[in-house]
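Engineer: sequence and predicted model, in that order:
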Amino acid sequence: MEESESLQYDTLERYGSFAQPSIIGNGTAMRRVFQLLDRVADSETTVLILGETGTGKELIAKAIHCGSSRREETMIRVNCAAIPVNLVESVLFGHEKGSFTGATERRIGKFELAHKSTLFLDEIGELSLELQVKLLRVLQEKEIERVGGSNTIAVDVRIVSATNRDLAREVEEGRFRRDLFYRLNVFPVSLPPLRHRRDDIPLLADHFLKRFCQKSNRQISGFSQRALADMMNYHWPGNVRELEHLIERQVVMSTGHILKEIDIPGSAQLMMVDGAEPTAVKTISENERDHIFAVLKLCNGKISGKNGAAKLLGVPATTLNSKIKRLGLSKKHLL
Ligand SMILES: Nc1ncnc2c1ncn2[C@@H]1O[C@H](COP(=O)(O)OP(=O)(O)OP(=O)(O)O)[C@@H](O)[C@H]1O
(Lines give C-alpha, C1' and ligand atoms only; values in the text may rest on other atoms or scores of the structure.)
Protein backbone atom coordinates (compact mmCIF):
# COMPACT_ATOMS: atom_id res chain seq x y z
CA MET A 1 0.00 0.00 0.00
CA GLU A 2 1.39 3.44 -0.93
CA GLU A 3 1.87 6.06 1.76
CA SER A 4 -0.89 8.29 0.41
CA GLU A 5 -3.27 5.35 0.33
CA SER A 6 -2.48 4.36 3.89
CA LEU A 7 -3.41 7.82 5.18
CA GLN A 8 -6.76 7.56 3.51
CA TYR A 9 -7.42 4.20 5.10
CA ASP A 10 -6.22 5.33 8.53
CA THR A 11 -8.66 8.15 8.26
CA LEU A 12 -11.42 5.88 7.12
CA GLU A 13 -10.82 3.61 10.04
CA ARG A 14 -10.90 6.42 12.52
CA TYR A 15 -14.01 8.16 11.31
CA GLY A 16 -15.57 5.27 9.46
CA SER A 17 -15.97 3.23 12.60
CA PHE A 18 -18.57 5.54 14.10
CA ALA A 19 -19.75 7.75 11.25
CA GLN A 20 -21.69 6.34 8.35
CA PRO A 21 -20.88 6.86 5.56
CA SER A 22 -17.11 7.27 5.84
CA ILE A 23 -15.41 10.53 4.99
CA ILE A 24 -13.31 10.13 1.88
CA GLY A 25 -10.45 12.47 1.05
CA ASN A 26 -6.74 12.27 0.61
CA GLY A 27 -5.75 15.60 -0.94
CA THR A 28 -4.10 18.40 1.04
CA ALA A 29 -7.38 20.14 1.77
CA MET A 30 -9.11 17.14 3.32
CA ARG A 31 -5.97 16.10 5.22
CA ARG A 32 -6.07 19.52 6.83
CA VAL A 33 -9.75 18.99 7.70
CA PHE A 34 -8.94 15.59 9.25
CA GLN A 35 -6.20 17.20 11.34
CA LEU A 36 -8.69 19.78 12.59
CA LEU A 37 -11.21 17.04 13.40
CA ASP A 38 -8.58 15.16 15.35
CA ARG A 39 -7.95 18.22 17.48
CA VAL A 40 -11.50 19.32 18.07
CA ALA A 41 -13.78 16.27 18.03
CA ASP A 42 -13.07 15.02 21.53
CA SER A 43 -13.54 18.38 23.23
CA GLU A 44 -16.46 20.53 24.22
CA THR A 45 -15.51 23.28 21.77
CA THR A 46 -18.18 24.94 19.64
CA VAL A 47 -17.52 24.31 15.95
CA LEU A 48 -18.67 26.24 12.90
CA ILE A 49 -18.50 24.31 9.60
CA LEU A 50 -18.35 26.42 6.47
CA GLY A 51 -18.71 25.28 2.90
CA GLU A 52 -20.83 25.33 -0.22
CA THR A 53 -23.83 23.07 -0.50
CA GLY A 54 -22.95 19.37 -0.80
CA THR A 55 -19.36 19.69 0.47
CA GLY A 56 -20.01 17.35 3.40
CA LYS A 57 -20.82 19.68 6.30
CA GLU A 58 -23.35 17.35 7.86
CA LEU A 59 -20.97 14.42 7.49
CA ILE A 60 -18.27 16.39 9.32
CA ALA A 61 -20.72 17.34 12.06
CA LYS A 62 -21.53 13.64 12.56
CA ALA A 63 -17.82 12.80 12.68
CA ILE A 64 -17.28 15.46 15.35
CA HIS A 65 -20.15 14.08 17.41
CA CYS A 66 -19.00 10.49 16.96
CA GLY A 67 -15.46 11.43 17.93
CA SER A 68 -16.62 13.08 21.16
CA SER A 69 -17.46 11.69 24.57
CA ARG A 70 -21.11 12.46 23.78
CA ARG A 71 -21.22 9.80 21.04
CA GLU A 72 -23.48 7.46 23.02
CA GLU A 73 -26.30 10.00 22.72
CA THR A 74 -28.01 10.78 19.42
CA MET A 75 -26.85 13.93 17.68
CA ILE A 76 -29.84 16.24 17.20
CA ARG A 77 -30.01 18.13 13.91
CA VAL A 78 -32.05 21.22 13.17
CA ASN A 79 -32.24 22.59 9.67
CA CYS A 80 -32.88 26.26 10.41
CA ALA A 81 -33.85 26.91 6.77
CA ALA A 82 -36.54 24.25 6.66
CA ILE A 83 -38.69 25.34 9.61
CA PRO A 84 -41.44 27.95 9.05
CA VAL A 85 -40.37 31.25 10.64
CA ASN A 86 -43.22 31.26 13.15
CA LEU A 87 -42.30 27.79 14.42
CA VAL A 88 -38.52 28.09 14.78
CA GLU A 89 -38.64 29.24 18.38
CA SER A 90 -40.95 26.41 19.41
CA VAL A 91 -38.89 23.83 17.51
CA LEU A 92 -35.67 24.99 19.17
CA PHE A 93 -36.90 25.65 22.69
CA GLY A 94 -40.21 23.75 22.88
CA HIS A 95 -43.56 25.07 24.03
CA GLU A 96 -46.11 24.55 26.76
CA LYS A 97 -49.61 23.32 26.00
CA GLY A 98 -51.90 26.23 25.05
CA SER A 99 -49.05 28.73 24.61
CA PHE A 100 -50.35 29.65 21.14
CA THR A 101 -53.12 28.61 18.76
CA GLY A 102 -52.39 25.06 17.70
CA ALA A 103 -50.19 24.25 20.71
CA THR A 104 -52.47 21.42 21.82
CA GLU A 105 -49.69 19.49 23.55
CA ARG A 106 -46.49 20.33 25.35
CA ARG A 107 -43.58 20.02 22.94
CA ILE A 108 -39.97 19.37 23.90
CA GLY A 109 -37.59 21.47 21.84
CA LYS A 110 -34.38 20.40 20.12
CA PHE A 111 -32.21 22.00 22.82
CA GLU A 112 -33.79 19.82 25.49
CA LEU A 113 -33.60 16.75 23.24
CA ALA A 114 -29.89 17.42 22.75
CA HIS A 115 -29.20 17.56 26.50
CA LYS A 116 -25.86 15.75 27.10
CA SER A 117 -25.43 15.44 23.35
CA THR A 118 -24.54 17.55 20.30
CA LEU A 119 -26.95 19.97 18.66
CA PHE A 120 -26.19 20.44 14.97
CA LEU A 121 -27.63 23.75 13.81
CA ASP A 122 -27.58 23.42 10.04
CA GLU A 123 -28.05 26.47 7.77
CA ILE A 124 -27.52 28.76 10.77
CA GLY A 125 -27.17 31.73 8.39
CA GLU A 126 -30.92 31.53 7.70
CA LEU A 127 -31.96 32.33 11.28
CA SER A 128 -33.84 35.64 11.62
CA LEU A 129 -32.21 38.43 13.64
CA GLU A 130 -34.92 38.03 16.26
CA LEU A 131 -34.13 34.34 16.76
CA GLN A 132 -30.41 35.09 16.72
CA VAL A 133 -30.90 37.19 19.88
CA LYS A 134 -32.75 34.33 21.59
CA LEU A 135 -30.15 31.77 20.53
CA LEU A 136 -27.35 33.96 21.82
CA ARG A 137 -29.05 34.24 25.20
CA VAL A 138 -29.42 30.46 25.44
CA LEU A 139 -25.78 29.91 24.51
CA GLN A 140 -24.68 32.41 27.15
CA GLU A 141 -26.98 31.25 29.94
CA LYS A 142 -26.96 27.53 29.05
CA GLU A 143 -30.64 27.39 29.88
CA ILE A 144 -33.82 27.57 27.87
CA GLU A 145 -37.39 28.62 28.48
CA ARG A 146 -40.14 26.83 26.56
CA VAL A 147 -42.49 29.16 24.64
CA GLY A 148 -45.30 30.01 27.07
CA GLY A 149 -43.36 28.53 29.97
CA SER A 150 -42.26 30.29 33.13
CA ASN A 151 -39.39 28.04 34.27
CA THR A 152 -35.86 27.99 32.99
CA ILE A 153 -34.41 24.58 32.15
CA ALA A 154 -30.66 23.98 32.26
CA VAL A 155 -29.26 22.32 29.14
CA ASP A 156 -25.84 20.79 28.60
CA VAL A 157 -25.43 20.89 24.84
CA ARG A 158 -22.43 21.01 22.54
CA ILE A 159 -23.10 23.24 19.55
CA VAL A 160 -21.90 22.44 16.06
CA SER A 161 -23.32 24.73 13.40
CA ALA A 162 -22.96 24.99 9.64
CA THR A 163 -23.71 27.39 6.85
CA ASN A 164 -23.10 27.77 3.15
CA ARG A 165 -23.16 31.56 3.53
CA ASP A 166 -20.15 33.78 4.02
CA LEU A 167 -21.06 34.51 7.63
CA ALA A 168 -18.36 37.15 8.12
CA ARG A 169 -19.88 39.06 5.20
CA GLU A 170 -23.36 38.57 6.63
CA VAL A 171 -22.08 40.19 9.83
CA GLU A 172 -20.57 43.12 7.93
CA GLU A 173 -23.85 43.62 6.08
CA GLY A 174 -25.90 43.51 9.27
CA ARG A 175 -27.74 40.27 8.56
CA PHE A 176 -26.03 38.25 11.24
CA ARG A 177 -25.25 39.36 14.78
CA ARG A 178 -21.57 39.85 15.43
CA ASP A 179 -21.80 38.60 19.04
CA LEU A 180 -23.52 35.38 17.94
CA PHE A 181 -20.99 34.92 15.13
CA TYR A 182 -18.12 35.08 17.65
CA ARG A 183 -19.86 32.60 19.90
CA LEU A 184 -20.41 30.09 17.10
CA ASN A 185 -17.13 30.62 15.30
CA VAL A 186 -14.90 29.41 18.13
CA PHE A 187 -13.38 26.68 15.95
CA PRO A 188 -14.09 27.11 12.24
CA VAL A 189 -13.71 24.19 9.84
CA SER A 190 -13.85 25.17 6.16
CA LEU A 191 -14.69 22.58 3.55
CA PRO A 192 -13.37 23.58 0.15
CA PRO A 193 -15.59 23.08 -2.89
CA LEU A 194 -14.90 19.88 -4.81
CA ARG A 195 -13.45 21.85 -7.77
CA HIS A 196 -10.68 23.01 -5.40
CA ARG A 197 -9.80 19.45 -4.36
CA ARG A 198 -9.84 17.59 -7.61
CA ASP A 199 -7.37 15.01 -6.25
CA ASP A 200 -10.25 13.56 -4.26
CA ILE A 201 -12.55 13.06 -7.27
CA PRO A 202 -11.27 9.59 -8.32
CA LEU A 203 -11.37 8.36 -4.70
CA LEU A 204 -14.87 9.66 -4.13
CA ALA A 205 -16.09 8.34 -7.48
CA ASP A 206 -14.70 4.93 -6.65
CA HIS A 207 -16.25 4.99 -3.19
CA PHE A 208 -19.71 5.81 -4.59
CA LEU A 209 -19.30 3.28 -7.42
CA LYS A 210 -18.63 0.50 -4.90
CA ARG A 211 -21.49 1.59 -2.70
CA PHE A 212 -24.08 1.78 -5.48
CA CYS A 213 -22.89 -1.44 -7.13
CA GLN A 214 -23.36 -3.21 -3.82
CA LYS A 215 -26.76 -1.63 -3.32
CA SER A 216 -28.05 -2.51 -6.76
CA ASN A 217 -26.14 -5.78 -7.09
CA ARG A 218 -24.11 -4.73 -10.15
CA GLN A 219 -20.58 -5.75 -11.12
CA ILE A 220 -18.82 -2.61 -12.37
CA SER A 221 -15.10 -2.55 -11.72
CA GLY A 222 -14.19 1.05 -12.53
CA PHE A 223 -14.17 3.98 -14.95
CA SER A 224 -12.73 4.49 -18.42
CA GLN A 225 -9.95 7.09 -18.81
CA ARG A 226 -12.43 9.29 -20.66
CA ALA A 227 -15.01 9.11 -17.87
CA LEU A 228 -12.37 9.94 -15.27
CA ALA A 229 -11.08 12.87 -17.34
CA ASP A 230 -14.61 14.23 -17.73
CA MET A 231 -15.18 14.06 -14.00
CA MET A 232 -11.84 15.74 -13.30
CA ASN A 233 -12.67 18.62 -15.64
CA TYR A 234 -16.19 19.36 -14.51
CA HIS A 235 -16.91 22.25 -12.16
CA TRP A 236 -19.21 20.39 -9.68
CA PRO A 237 -21.45 23.23 -8.50
CA GLY A 238 -23.35 20.73 -6.33
CA ASN A 239 -20.04 19.37 -4.97
CA VAL A 240 -19.81 15.83 -3.52
CA ARG A 241 -23.59 15.40 -3.44
CA GLU A 242 -23.75 16.02 -7.18
CA LEU A 243 -20.98 13.49 -7.82
CA GLU A 244 -22.73 10.95 -5.60
CA HIS A 245 -26.05 11.32 -7.43
CA LEU A 246 -24.37 11.22 -10.83
CA ILE A 247 -22.58 7.95 -10.05
CA GLU A 248 -25.77 6.44 -8.69
CA ARG A 249 -27.55 7.30 -11.94
CA GLN A 250 -24.71 5.94 -14.07
CA VAL A 251 -24.65 2.67 -12.16
CA VAL A 252 -28.38 2.22 -12.71
CA MET A 253 -28.07 3.06 -16.43
CA SER A 254 -24.93 1.04 -17.13
CA THR A 255 -24.94 -2.32 -18.86
CA GLY A 256 -21.16 -2.97 -19.08
CA HIS A 257 -18.37 -3.87 -16.64
CA ILE A 258 -16.82 -0.43 -16.62
CA LEU A 259 -18.39 3.01 -16.74
CA LYS A 260 -17.23 4.15 -20.17
CA GLU A 261 -18.97 7.50 -20.25
CA ILE A 262 -20.26 9.80 -17.57
CA ASP A 263 -23.23 11.93 -18.36
CA ILE A 264 -21.78 15.21 -17.09
CA PRO A 265 -24.35 18.05 -17.11
CA GLY A 266 -23.69 20.02 -20.27
CA SER A 267 -24.34 23.64 -19.29
CA ALA A 268 -21.56 25.67 -20.92
CA GLN A 269 -21.41 28.19 -18.06
CA LEU A 270 -20.74 25.47 -15.55
CA MET A 271 -17.87 23.84 -17.39
CA MET A 272 -14.23 24.78 -16.93
CA VAL A 273 -13.06 26.68 -19.97
CA ASP A 274 -9.27 26.54 -20.40
CA GLY A 275 -8.90 26.22 -16.65
CA ALA A 276 -10.79 29.47 -15.97
CA GLU A 277 -13.08 29.52 -12.95
CA PRO A 278 -16.71 30.13 -13.80
CA THR A 279 -18.67 32.55 -11.67
CA ALA A 280 -19.69 31.04 -8.33
CA VAL A 281 -23.21 29.62 -8.39
CA LYS A 282 -25.56 31.32 -5.95
CA THR A 283 -28.27 29.46 -4.10
CA ILE A 284 -31.90 30.34 -4.83
CA SER A 285 -32.33 32.01 -1.45
CA GLU A 286 -29.12 34.05 -1.90
CA ASN A 287 -30.44 35.24 -5.24
CA GLU A 288 -33.81 36.05 -3.72
CA ARG A 289 -32.25 38.01 -0.88
CA ASP A 290 -29.92 39.96 -3.18
CA HIS A 291 -32.77 40.75 -5.55
CA ILE A 292 -35.13 41.94 -2.81
CA PHE A 293 -32.31 43.99 -1.31
CA ALA A 294 -31.60 45.66 -4.67
CA VAL A 295 -35.28 46.48 -5.28
CA LEU A 296 -35.74 47.84 -1.76
CA LYS A 297 -32.74 50.08 -2.30
CA LEU A 298 -34.22 51.28 -5.56
CA CYS A 299 -37.47 52.14 -3.76
CA ASN A 300 -35.67 53.81 -0.83
CA GLY A 301 -37.01 51.17 1.53
CA LYS A 302 -40.65 51.83 0.59
CA ILE A 303 -42.56 48.55 0.62
CA SER A 304 -46.20 49.22 -0.22
CA GLY A 305 -48.00 51.72 -2.44
CA LYS A 306 -47.48 52.96 -5.96
CA ASN A 307 -43.70 53.32 -5.83
CA GLY A 308 -43.16 50.51 -3.37
CA ALA A 309 -40.96 47.43 -3.78
CA ALA A 310 -43.91 45.02 -3.46
CA LYS A 311 -45.51 46.42 -6.63
CA LEU A 312 -42.23 46.19 -8.57
CA LEU A 313 -41.68 42.62 -7.39
CA GLY A 314 -45.27 41.64 -8.19
CA VAL A 315 -46.14 40.37 -4.70
CA PRO A 316 -48.52 41.62 -2.00
CA ALA A 317 -46.86 43.90 0.58
CA THR A 318 -47.64 41.36 3.33
CA THR A 319 -45.72 38.65 1.44
CA LEU A 320 -42.79 40.97 0.91
CA ASN A 321 -42.81 41.94 4.58
CA SER A 322 -42.62 38.34 5.70
CA LYS A 323 -39.85 37.59 3.19
CA ILE A 324 -37.90 40.60 4.49
CA LYS A 325 -38.32 39.31 8.02
CA ARG A 326 -37.31 35.77 7.08
CA LEU A 327 -34.24 36.98 5.20
CA GLY A 328 -33.23 39.17 8.15
CA LEU A 329 -33.19 42.38 6.13
CA SER A 330 -33.84 45.65 7.91
CA LYS A 331 -33.99 49.32 6.97
CA LYS A 332 -30.55 50.03 8.33
CA HIS A 333 -29.03 47.74 5.67
CA LEU A 334 -30.36 50.05 3.00
CA LEU A 335 -28.57 53.17 4.22
N1 LIG B 1 -15.73 13.49 1.90
C2 LIG B 1 -16.84 12.76 1.68
N3 LIG B 1 -16.75 11.41 1.64
C4 LIG B 1 -17.86 10.66 1.40
N5 LIG B 1 -19.08 11.16 1.19
C6 LIG B 1 -19.22 12.50 1.22
C7 LIG B 1 -18.11 13.37 1.48
N8 LIG B 1 -18.54 14.64 1.46
C9 LIG B 1 -19.87 14.59 1.23
N10 LIG B 1 -20.27 13.31 1.08
C11 LIG B 1 -21.64 12.86 0.78
O12 LIG B 1 -22.24 13.88 -0.02
C13 LIG B 1 -23.58 14.12 0.36
C14 LIG B 1 -23.74 15.56 0.79
O15 LIG B 1 -23.04 15.76 2.02
P16 LIG B 1 -23.65 16.64 3.21
O17 LIG B 1 -25.13 16.48 3.30
O18 LIG B 1 -22.84 16.37 4.43
O19 LIG B 1 -23.32 18.09 2.62
P20 LIG B 1 -23.68 19.52 3.20
O21 LIG B 1 -22.48 20.37 3.00
O22 LIG B 1 -24.22 19.38 4.60
O23 LIG B 1 -24.84 19.98 2.20
P24 LIG B 1 -25.98 21.12 2.41
O25 LIG B 1 -25.25 22.43 2.67
O26 LIG B 1 -26.69 21.14 1.09
O27 LIG B 1 -26.83 20.68 3.55
C28 LIG B 1 -23.89 13.14 1.50
O29 LIG B 1 -24.53 12.00 0.97
C30 LIG B 1 -22.52 12.79 2.03
O31 LIG B 1 -22.52 11.51 2.61
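Structural biologist: Now that the structure is in, tell me what you want to look at. Residues are numbered from 1 along each chain as shown.

Engineer: residues in contact with F208?
Structural biologist: With contact taken as Cβ atoms under 8 Å, 6 or more residues apart in numbering, F208 is in contact with 243-244, 247-248. Every C-beta, even on glycine, is put in place using the N, C-alpha and C of the backbone.

Engineer: highest neighbour count among the residues you listed?
Structural biologist: In terms of neighbour count, I247 stands highest of those at 25 neighbours, by other Cβ atoms under 10 Å.

Engineer: flag every buried residue along the helix or strand hosting that residue.
Structural biologist: Take DSSP states H and E as the rule and I247 turns out to sit in helix 239-253. Using 16 or more other Cβ atoms under 10 Å as the test for burial, helix 239-253 gives 239-240, 242-244, 246-248, 250-251.

Engineer: F111: neighbour count?
Structural biologist: Neighbours of F111 (other Cβ under 10 Å): 25.

Engineer: correct me, but it touches T152?
Structural biologist: No. Contact between F111 and T152 fails when scored by Cβ atoms under 8 Å: they sit 11.7 Å apart.

Engineer: overlap in contacts, the two.
Structural biologist: Joint contacts of F111 and T152 (Cβ under 8 Å, 6+ apart) are I144.

Engineer: show me where the stretch 201-335 of the chain has its strands.
Structural biologist: Taking DSSP state E, counting those that start in this stretch as the criterion, the stretch 201-335 of the chain contains strands spanning 222-223, 258-259.

Engineer: with the stretch 51-200 of the chain instead?
Structural biologist: 76-79, 118-122, 143-144, 153-154, 158-163, 187-191.

Engineer: the inter-axis angle of the longest helix anywhere in the chain versus helix 239-253?
Structural biologist: If you go by DSSP state H, the chain has its longest helix at helix 200-216. In terms of direction (axes from the mean of the first three to the mean of the last three Cα atoms, to 10 degrees), helix 200-216 departs from helix 239-253 by 40 degrees.

Engineer: in helix 200-216, which residues are buried?
Structural biologist: For helix 200-216, the buried set under the neighbour-count rule, 16+ other Cβ under 10 Å, comprises 200-201, 203-205, 207-209, 211-213.

Engineer: stretch 252-265 too?
Structural biologist: Within stretch 252-265, the residues scored as buried using 16+ other Cβ under 10 Å are 254, 259, 262, 264.

Engineer: run the chain-centre distance for that stretch.
Structural biologist: Centroid separation between stretch 252-265 and its chain, computed with Cα atoms, centre = their mean, to the nearest Å, is 29 Å.

Engineer: just stretch 247-259 next, same as before
Structural biologist: The chain centroid and the centroid of stretch 247-259 are separated by 29 Å under Cα atoms, centre = their mean.

Engineer: with the ligand in mind, check whether that stretch reaches it.
Structural biologist: No. Applying Cβ under 6 Å from any ligand atom, one finds stretch 247-259 separated from the ligand by no less than 10.1 Å.

Engineer: show residues contacting that stretch.
Structural biologist: Residues contacting stretch 247-259 (Cβ under 8 Å, 6+ apart): 205, 208-209, 212-213, 216, 218-224, 227, 262-263.

Engineer: same question, stretch 70-80
Structural biologist: 18, 58, 61-62, 65, 88, 91-92, 110, 113-114, 116-124, 126-127, 158.

Engineer: ok, which of those also contact the ligand?
Structural biologist: Applying Cβ under 6 Å from any ligand atom to the contacts of stretch 70-80, one finds that E58 fall near the ligand.

Engineer: list the contacts of the residue in the stretch 51-200 of the chain that the ligand sits nearest to.
Structural biologist: Residue nearest to the ligand within the stretch 51-200 of the chain: G56 (2.7 Å; Cβ to the nearest ligand atom). Contact analysis of G56 by Cβ under 8 Å, 6+ apart lists 23, 191, 239-240.
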